[in-house]
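Enquirer: need the 3D shape of this:
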Amino acid sequence: MKNYILTGEVKKNLPNATFLVFSKELNKKILCYISGKMRINYIRIMPGDVVKVEVNKISPNKGRIIYRLK
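Expert: Numbers count the residues shown, from 1 in each chain. Okay, here's the model as predicted:
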């Protein structure tokens, strides 16, 4: 099963390293968590950052942040 990779903007920080990301491509908010490599390397994500999000086809309202764009 293939996943979608979207870009979005972080709108809000939530507890337990979860974030609310708005995707213009889907035109909706996605609840995202940070991938393991980003946790290991202490990559900080703040509201307003543009990120790449991996979203499953079955549940497009949950995802995983895989990359922070500059």
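Enquirer: number of residues surrounding C32?
Expert: Neighbours of C32 under the rule other C-beta atoms under 10 Å: 25. Heads up, the C-betas are built off the backbone N, CA and C, glycines and all.
Enquirer: same check on K62?
Expert: Around K62 there are 14 residues (other C-beta under 10 Å).
Enquirer: check V55 too.
Expert: 22.
Enquirer: so it touches G63, yeah?
Expert: Yes: shown here, V55 and G63 form a contact pair, counting by C-beta atoms under 8 Å, at 4.2 Å.
Enquirer: which residues do those two both contact?
Expert: Shared contacts of V55 and G63, defined by C-beta atoms under 8 Å, 6 or more residues apart in numbering, comprise L6, I30.
Enquirer: which helices and strands does the helix or strand of the chain with the lowest mean pLDDT pack with?
Expert: Every helix and strand in the chain was compared by mean pLDDT, DSSP states H and E; the lowest is helix 36-40, with a mean of 94. In terms of contacts (3 or more C-beta pairs under 8 Å, 6 or more residues apart in numbering; DSSP states H and E), helix 36-40 is packed against strand 62-68.
Enquirer: and the strand it packs on, which residues are buried?
Expert: Buried residues in strand 62-68, defined by neighbour count with 16 or more other C-beta atoms under 10 Å: G63, R64, I65, I66, R68.
Enquirer: state the distance from V55 to E25.
Expert: Here the criterion is C-beta to C-beta, to the nearest Å. By it, V55 lies 10 Å from E25.
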